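In: missing the sequence, but the structure's below:
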């Protein structure tokens with residue numbers, strides 16, 4: 001139990017810092033697929049839209065259980081705010097495990113992340 005008195009597990013942030021080509025993205029996707037299969041919601045933050053598109057393609061190709069995998073960035077939102085699209089997605093996301101890919105910049109613009117009812 002945390003100091004807020006809630007017995008609900010609090011979201012955690014994991015930062016991976018390693019050399020290029022060391023397998024960070026592959027391992028992050030492997031971890032995310034495993035956790036999503038267990039019913040957890042995973043958000044992967046990446047620095048570029050190009051990396052998100054590549055990771056999304058890799059994750060969907062490797063997913064064999066129907067896990068929901070979503071990417072939100074300016075290339076898929078079309079008109080409107082990426083932040084608004086992410087907020088709307090978080091308000092209405094499925095009750096099962098899923099993976100969401102967004103950029104670091106988009107994450108930093110969100111008004112909340114783990115308190116969608118506030």
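Out: That came through, no problem. If you're wondering where the values come from, they're calculated on a predicted model, not measured in any experiment. Numbers count the residues shown, from 1 in each chain.

In: Mind pulling up the pLDDT for residue 105?
Out: In this prediction, residue 105 carries a pLDDT score of 90.

In: how far is the helix or strand harbouring it from where the chain is centred?
Out: Here residue 105, judged by DSSP states H and E, is contained in helix 104-108. Counting by Cα atoms, centre = their mean, to the nearest Å, helix 104-108 is centred 11 Å from the centre of its parent chain.

In: Could you list the buried residues of that helix?
Out: residue 106 (16 or more other Cβ atoms under 10 Å). The C-beta positions use only the backbone N, C-alpha and C, and glycine is treated the same way.

In: Now do that helix: everything it contacts.
Out: When contacts are defined by Cβ atoms under 8 Å, 6 or more residues apart in numbering, helix 104-108 is touched by residues 43, 45, 46, 47, 72, 73, 82, 83, 86, 113.

In: do stretch 21-29 as well
Out: Contacts of stretch 21-29 (Cβ under 8 Å, 6+ apart): 16, 18, 44, 46, 51, 54, 55, 58, 59, 62.

In: Can you select the buried ones among the residues you listed for me in PyMOL?
Out: Only the buried entries of the contacts of stretch 21-29 go into this PyMOL selection, using 16+ other Cβ under 10 Å:
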select buried, resi 44+46+55+59
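
In: so which two of the contacts of stretch 21-29 are the farthest from each other?
Out: 18 and 62 (20.3 Å; Cβ to Cβ).

In: How about the contacts made by the nearest residue in space to residue 40 that is not next to it in sequence?
Out: Once flanking residues are discounted, residue 40 sits nearest to residue 97: 5.3 Å by Cβ to Cβ, 6 or more residues apart in numbering. Residue 97 sits next to 35, 36, 37, 38, 39, 40, 41, 42, 67, 68 when contact means Cβ under 8 Å, 6+ apart.
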